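Q: No letters, just coordinates:
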């Protein structure tokens, strides 16, 4: 049994390791995209790192289990700040590789935890505050020009073939980065199959979409644009639209000065990724607590946090995003009602074709979860307390009583962070060359 | 013949006067709402003021025709600034009435025009710059609390019964205050019958909608919410939704402290009106020109302005909003193509039931028109030059050549003002009492 873990946690970690081991080429099969390799810790002879597990998970896992990490890769963050999260990541140049020993990490964590209560120490082993600097993006250095362009694209409905659906339609930044639900409505008033995931803090997820089929946000951004039930457009429609407006062409040139042409579907997606990477929500009460402010949570929230860890919720909902890192079946212990888990939607199975991935979904990240009802991929539960109760039953085999549900919901309310100030963008003006809207299917 | 007017202008002014005279109760029949009375100049014994004509029009008309205005009413603007527009309006208290003589107005205008070119002087007699202070709103004093609340309501899709359509969906502030067109798309992907009018500077219009059926923005705001092809909601849905969120209830209490209950459909509309009244776009090149900067327009734009006045466009498109004040048939001289003027849409006739109002529409306000293709109530023309050519033919009986169309379009481009900075609002979080979205009809 691994030190520091409950039986339930061990069960889930063992499952993760087994899942990884069963796939002979880790990232392709496990994460769905080979590029994830760059974000995982390198396997070494003296530890068996589960390939495909993001470094956030792996770091957390190793720290708690006492496994020595020989080498780890980090990208440069977009600013010169020298601290990410708990201050244990240091960066000294672009794409620099640096050896980090777990001993030094643990020393730092320990020194910060001196004289703190046990609950805070336990929490720090499982969760991490939202970094004070924005995270680095693989293959896409974030610049102000790219972010500003990406913001316009995110809000521009002319990307869709109807001219009225923007990214913000379903990922509304004013309502927690999601739409009204239960599932999204797109071109032709078609209902999508799943609840819109939030864009806030999505940069911290191991992969994007409920089934993790996109390895990152730039890959994700290309999906809804082309989905017939969403924006119903094509890459050609997107580039024609953007090329028709000089202001956009100029902004692409500034954002991608080395690319010819600078306007492309790839760069469109990269600009959106750059903007979305800025959509983090730091300074939630729970972040303040993890950073040492014991009074940032009230007594009920602390009771909820303790339950969240003791009952096993934190086995999956952990790391920076309190989830978003692993894949598990919806229904580890018991099968949810068909209303919550429509049998036609087999989740990650469609991505991997592995029988073991039937009804498997990426663990929901719980940052700002109180802003984002309705819950689950089916969007069928409108109350946070009810969602907590269901998760206890079908994932952990635990029937939570009213007080426990209420306490955990109180803790989840402490995950609501500071939403960014966003100036609504004034968009380039269409020209006679801009494709006119089309409402038909 | 009235001094200073072309034959065409005289024809149109005479028609306006005749229209007014034909209605025995002016505002009800002519404007459609009795409340407009408060915004028109009082008739006196020595001049025949066309009842129902807004004071903007009347002032412009009197100044040019040399008619003496005995008495005029102005509301207090929302700030303490002592200047509106050309500096000829002064306000000394809430809802204060003050006598203003045309002599003093003309004196002011003349002194500003000294040493300016004839074109500028002529333009000043017809047009007015966007006021430096925000305009006063009848029956709805504008406060910061009301504006902030109205902004949230304007962007909140949960006002619609589907939960995904907000005011901003069709009046997108990022694209000139309109949607992609040709006409709007609403609940159930239904196509509306007309092009969305812009909300920018709409506070300067004599009435709202293409047919002027709403006397002001607070009346307008109640329309799309309830229209089955737009938001498809009810006043009950709106108030239930707002009452379900404490943050909204608190904001209504602050915005309407004297009302019990403060949350009401009327106050919802008033808050939106307050926000929309701030959506003015001052400092366009043409405003700078009217304010005395002769180089604010380039030579082509000046040529376009001269044509705009000489050809008769400014007979209807005049005042602050370069339109938005009068009603005229679409097709004064010749009938437009049925594609541009669908025979099923009889315009203002539906409001007044007067045969003379068949195919009559409110004159389109031309502020920021270059941002707002496609054009006309049918939204069937995508090029500004083409729209200018059509207007010349069917409204003025003039076939404009390529250069003339191009010059006038250049002038119209000088009507693009400074769009306001708008921080995208973070909306109150739904609760278990918030009505869930409904997509059915």
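A: Structure's in. What do you need? Model, not experiment: these values are computed from the prediction.
Q: so where do the helices sit in the stretch 101-250 of chain A?
A: According to DSSP state H, counting those that start in this stretch, the stretch 101-250 of chain A carries its helices in the segments A:102-113, A:118-126, A:144-155, A:167-170, A:217-226, A:235-243, A:246-255.
Q: What is the last one packed up against?
A: Under the contact criterion of 3 or more C-beta pairs under 8 Å, 6 or more residues apart in numbering or on different chains; DSSP states H and E, the helices and strands touching helix A:246-255 comprise helix A:144-155, helix A:235-243, helix A:265-277. (Glycine included, C-beta is placed from N, CA and C.)
Q: now those in JSON lines, with mean pLDDT?
A: Below are those laid out as JSON lines (pLDDT from 0 to 100):
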{"stretch": "helix A:144-155", "mean pLDDT": "98"}
{"stretch": "helix A:235-243", "mean pLDDT": "98"}
{"stretch": "helix A:265-277", "mean pLDDT": "98"}
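Q: Could you say which of the ones you listed is packed most deeply?
A: Most buried of the helices and strands packed on helix A:246-255, by mean neighbour count (mean count of other C-beta atoms under 10 Å in any protein chain shown): helix A:265-277, with a mean of 24.
Q: after that one comes which helix or strand?
A: Downstream of helix A:265-277, the next assigned helix or strand under DSSP states H and E is helix A:285-290.
Q: Which of the helices and strands packed on helix A:246-255 sits closest to chain B?
A: Between chain B and those, the tightest spacing by C-beta to the nearest C-beta is seen for helix A:144-155, at 5.9 Å.
Q: any bit of the closest one sitting next to chain B?
A: Yes. Legend: contact between helix A:144-155 and chain B by C-beta under 8 Å from any C-beta of the partner chain is shown at residue A:155.
Q: from the chain's centre, how far out does that helix sit?
A: Centroid displacement of helix A:144-155 relative to its chain, using C-alpha atoms, centre = their mean, to the nearest Å, is 20 Å.
Q: The strand or helix carrying residue A:393 close to chain B?
A: If you go by DSSP H and E, residue A:393 is part of helix A:384-396. No. Using C-beta under 8 Å from any C-beta, no contact is recorded between helix A:384-396 and chain B, whose separation bottoms out at 9.1 Å.
Q: Pull the residues that contact that helix.
A: With C-beta atoms under 8 Å, 6 or more residues apart in numbering or on different chains as the test, helix A:384-396 has contacts from A:8, A:311-313, A:316, A:328, A:330-336, A:340, A:369-370, A:373, A:375-376, A:381, A:398-400, A:402, A:404-406, A:408-409, A:412-413.
Q: one more time with 7 Å
A: Residues outside helix A:384-396 that contact it (C-beta atoms under 7 Å, 6 or more residues apart in numbering or on different chains) are A:8, A:311-313, A:331-336, A:340, A:369-370, A:373, A:375-376, A:381, A:398-400, A:405-406, A:408-409, A:412.
Q: Now distance to residue B:440 too, for the helices and strands packed on helix A:246-255, in JSON lines please.
A: Below are these laid out as JSON lines (distance: least, C-beta to C-beta, whole Å):
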{"stretch": "helix A:144-155", "distance to residue B:440": "29"}
{"stretch": "helix A:235-243", "distance to residue B:440": "30"}
{"stretch": "helix A:265-277", "distance to residue B:440": "32"}
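Q: following the helix holding residue A:393, which helix or strand shows up next?
A: According to DSSP H and E, the helix or strand after helix A:384-396 is helix A:402-413.
Q: for chain A, what are the low-confidence residue spans?
A: A:1-116 (pLDDT under 70).
Q: need the residues of it near chain B, please.
A: For chain A, the residues in contact with chain B (C-beta under 7 Å from any C-beta of the partner chain) are A:155, A:157-158, A:162-164, A:169, A:172-175, A:179-181, A:185, A:188-189, A:191, A:370-371, A:373, A:382-383, A:419, A:421-427, A:429-430, A:432, A:436-437, A:439.
Q: next one: phi and psi at the closest residue to residue A:316 other than its chain neighbours?
A: Using C-beta to C-beta, 6 or more residues apart in numbering or on different chains and skipping the chain neighbours, the partner closest in space to residue A:316 is residue A:363 (4.4 Å). Here is the backbone geometry of residue A:363 (degrees, to the nearest 10): phi -60, psi 130.
Q: What count of nearby residues applies to residue A:363?
A: The tally of other residues near residue A:363 (other C-beta atoms under 10 Å in any protein chain shown) stands at 24.
Q: my read: it touches residue A:315, true?
A: No. Contact between residue A:363 and residue A:315 fails when scored by C-beta atoms under 7 Å: they sit 9.4 Å apart.
Q: rewinding a little: now, of the residues of chain A next to chain B, which are buried?
A: Applying 16 or more other C-beta atoms under 10 Å in any protein chain shown to these, the neighbour count classes A:155, A:157-158, A:162-164, A:169, A:172-175, A:179-181, A:185, A:189, A:370-371, A:373, A:382, A:419, A:422, A:424-427, A:429-430, A:437, A:439 as buried.
Q: give the contact list for the residue most central in space within chain A.
A: Taking C-alpha atoms, centre = their mean, the centroid of chain A lies closest to residue A:205, which sits 2.7 Å from it. With C-beta under 7 Å, 6+ apart as the criterion, the residues that contact residue A:205 are A:321, A:324, A:365.
Q: Kindly report the same for residue A:154.
A: By C-beta under 7 Å, 6+ apart, residue A:154 lies in contact with A:166-168, A:272, A:275.
Q: In those, find the pair that's most separated.
A: A:166 and A:275 (12.3 Å; C-beta to C-beta).
Q: For residue A:346, which non-adjacent residue is spatially closest?
A: Using C-beta to C-beta, 6+ apart, the closest residue to residue A:346 is residue A:358 (5.0 Å).
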